[in-house]
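[1] what would the 3D arrangement of this be:
(one chain, ligands or ions: 2)
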Amino acid sequence: MFYPLLTGTLDYCLPQVRDFYGNISNHWFIGGAQIQVIIEAQDLKKTFGDIIAVDSISFSVKKGEVFGFLGPNGAGKTSTMKIIACVSPRTSGAIRVFGMDPDNFPAEIKMRLGVVPQETNLDPDFTCYGNLFTYSRYFDIPPDIAHQRTQELLEFVQLQEKKDVAIEKLSGGMKRRLILARALVNNPDLLILDEPTIGLDPQARHLIWERLKLLQAQGNTIVLTTHYLDEAARLCDRLVIMDNGKILVEGSPVDLVKQYVGEEIVEVEKTEDVLSCLSGKNIPFEVIGEYVQIATGSSRDVVRTLFDHCSPHKVLTRPATLEDVFLKLTGRKLRE
Ligand SMILES: Nc1ncnc2c1ncn2[C@@H]1O[C@H](COP(=O)(O)OP(=O)(O)OP(=O)(O)O)[C@@H](O)[C@H]1O
Ligand SMILES: [Mg+2]
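    Ligands and ions are numbered 1, 2, ... in the order given. Sure thing, here's the model as predicted:
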């Protein structure tokens with residue numbers, strides 16, 4: 001579901017309500033149900049000199065959902081994450097996080113955020129335990145609670161055995177897991193994860209997915225970027241696909257696949273017979289290297305036509321995926 005953004009400034013269009021803790025929060029009332037909007041952005045823009053990294057994008061993230069930002073390298077995902085995380089100010093447009101403007105309330109917002117940055121930035125002077133414990137100081141967490149929480153979080157990401165190990169002795173995947181643990185030190189309401197599973201082996205990715213699902217079940221809101229489209233399809237309730245700083249589409253993974261590709265994909269080895277046969281039968285197809293791809297609602301019918309009329313060599317059928325949507329919308333050319 002897409003929440004309509006009214007024209008005008010966010011101050012004008014979003015009602016501001018104070019929650020139990022006195023924090024300003026935004027609420028939409030949809031179909032009688034109260035839905036809390038955690039992030040609301042309108043015409044958000046970020047430029048670096050002549051480069052337009054984020055080009056007037058609008059989106060909203062509601063409480064409890066996992067919201068994904070997908071896009072090729074340089075699409076503007078990290079720039080958007082950094083604005084939300086209050087580490088890089090926007091150039092123009094409006095954004096509210098927990099109902100607050102990052103320009104005016106960075107400290108208040110950061111207190112409620114957990115951030116996994118794209119770059120691994122653990123403190124090399126400390127052990128695993130030391131990194132988490134020291135980080136708790138930024139949030140004024142009393143030492144005894146910080147100690148207990150550090151132990152729990154090391155267990156949560158299955159690094160308890162590495163408690164006293166120096167950062168330089170961890171593998172890349174272990175560092176990524178430790179950064180996730182660090183993001184949870186302050187028990188955040190909103191997690192901002194920029195490629196949280198980059199470079200992880202399948203076991204570690206599954207562990208992180210399981211942990212993120214658990215955090216969502218506990219009421220956390222999660223915003224993430226990833227280049228693993230199976231991961232996005234599995235985790236995200238809604239996502240946007242960005243390119244060149246703009247949002248191309250927004251929706252749930254299942255809806256996007258249905259809307260932009262279809263149910264199934266048939267892949268057949270490219271031969272002259274197959275090409276002329278498909279053209280003759282007016283079956284739309286795309287040539288990708290040495291094979292031909294046909295998106296269809298019924299692979300059975302397409303396969304039957306191929307075998308009855310087109311003398312195919314190799315034929316493969318599979319469900320359409322988010323990766324098909326991504327490549328369809330953003331193309332196959334490598335980014336600089
Ligand atoms: N500090 C900066 N100074 C200048 N240009 C920048 C800076 N940060 C980002 N950019 C540019 O902004 C654009 C968007 O970059 P961004 O890091 O947001 O992309 P991304 O979608 O996160 O890409 P990736 O998938 O590679 O992480 C790129 O053209 C990038 O070169
Ligand atoms: Mg990035």
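[2] show me the contacts for the nearest residue to residue 139 once chain neighbours are set aside.
    Distances taken as C-beta to C-beta, 6 or more residues apart in numbering place residue 186 nearest to residue 139, at 4.3 Å, with adjacent residues excluded. No exception for glycine: its C-beta is placed from N, CA and C like everyone else's. The contact partners of residue 186, by C-beta atoms under 8 Å, 6 or more residues apart in numbering, come to 111, 112, 113, 114, 136, 138, 139, 141.
[3] which one of those sits closest to residue 283?
    In terms of C-beta to C-beta, no member of those lies closer to residue 283 than residue 114, at 48.9 Å.
[4] so that closest one, which state does it fall into?
    Following DSSP: H, G, I helix; E, B strand; the rest coil, we place residue 114 in the strand state.
[5] out of the contacts of residue 186, which are buried?
    111, 112, 113, 114, 136, 141 (16 or more other C-beta atoms under 10 Å).
[6] thought the last one was touching residue 184?
    No - distance between residue 141 and residue 184: 12.0 Å, which falls outside the contact criterion (C-beta atoms under 8 Å).
[7] what strand or helix carries the residue in the chain that ligand 2 sits nearest to?
    Residue of the chain nearest ligand 2, by C-beta to the ion: residue 78 (3.1 Å). Per DSSP states H and E, residue 78 falls inside helix 77-84.
[8] ok, the contacts of residue 186 vs residue 307, which is closest?
    residue 114 (53.4 Å).
[9] return the distance of the closest one relative to residue 215.
    9 Å (C-beta to C-beta, to the nearest Å).
[10] can you check residue 53 too?
    Counting by C-beta to C-beta - residue 53 and residue 215 are separated by 28 Å.
[11] what sits against residue 212?
    Residue 212 neighbours (C-beta under 8 Å, 6+ apart): 66, 191, 193, 196, 222, 224, 235.
[12] surely it is in a helix?
    Yes - the assignment for residue 212 by three-state DSSP puts it in a helix.
[13] quick one: it and residue 132, what's the gap?
    Distance of residue 212 to residue 132, given as C-beta to C-beta: 18 Å.
[14] ok, now residue 81?
    22 Å.
[15] of these two, which one has the most company?
    Higher neighbour count among residue 81 and residue 132: residue 132, with 27 against 23, using other C-beta atoms under 10 Å.
[16] helix or strand: which one has the nearest residue to the more buried one once chain neighbours are set aside?
    The shortest distance from residue 132 to any residue other than its chain neighbours is 4.2 Å, reached at residue 150 (C-beta to C-beta, 6+ apart). For residue 150, the element it lies in under DSSP H and E is helix 143-156.
[17] centre of the chain to that helix, how far?
    27 Å (C-alpha atoms, centre = their mean, to the nearest Å).
[18] report all helices and strands that it contacts.
    Packing partners of helix 143-156 (3 or more C-beta pairs under 8 Å, 6 or more residues apart in numbering; DSSP states H and E): helix 128-137, helix 172-183.
[19] thinking again about what came up before, which one of the contacts of residue 186 is nearest residue 314?
    Closest to residue 314, out of all of these and judged by C-beta to C-beta, is residue 114, at 47.0 Å.
[20] which ones are touching the closest one?
    Counting by C-beta under 8 Å, 6+ apart, the residues that residue 114 touches are 183, 184, 185, 186, 188, 190, 191, 192.
[21] same thing but at 10 Å, please
    Shown in contact with residue 114 (C-beta atoms under 10 Å, 6 or more residues apart in numbering): 85, 179-193, 215, 220, 222.
[22] show me what from the stretch 1-150 of the chain comes close to ligand 2.
    Residues of the stretch 1-150 of the chain lying close to ligand 2 by C-beta under 5 Å from the ion are 77, 78, 118.
[23] my read: the first one touches residue 69, true?
    So the one you mean is residue 77. Yes - the criterion here is C-beta atoms under 10 Å, and residue 77 meets it with residue 69 at 4.5 Å.
[24] find residues that contact each of these two.
    Common neighbours of residue 77 and residue 69 (C-beta under 10 Å, 6+ apart) are 194, 224, 225, 226, 240, 242.
[25] partners of the first one in the sheet?
    Going back to what we said before, that points to residue 194. Beta-bridge partners of residue 194, counted by DSSP bridges, are residue 225.
[26] which neighbours do residue 114 and residue 215 share?
    180, 183, 184, 188, 191, 222.
[27] can you add neighbour count and pLDDT and give those back as JSON lines?
    Converted to JSON lines, the shared contacts of residue 114 and residue 215 look like this (neighbours: other C-beta atoms under 10 Å; pLDDT from 0 to 100):
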{"residue": "180", "neighbour count": "24", "pLDDT": "95"}
{"residue": "183", "neighbour count": "21", "pLDDT": "97"}
{"residue": "184", "neighbour count": "20", "pLDDT": "96"}
{"residue": "188", "neighbour count": "20", "pLDDT": "96"}
{"residue": "191", "neighbour count": "22", "pLDDT": "98"}
{"residue": "222", "neighbour count": "24", "pLDDT": "98"}
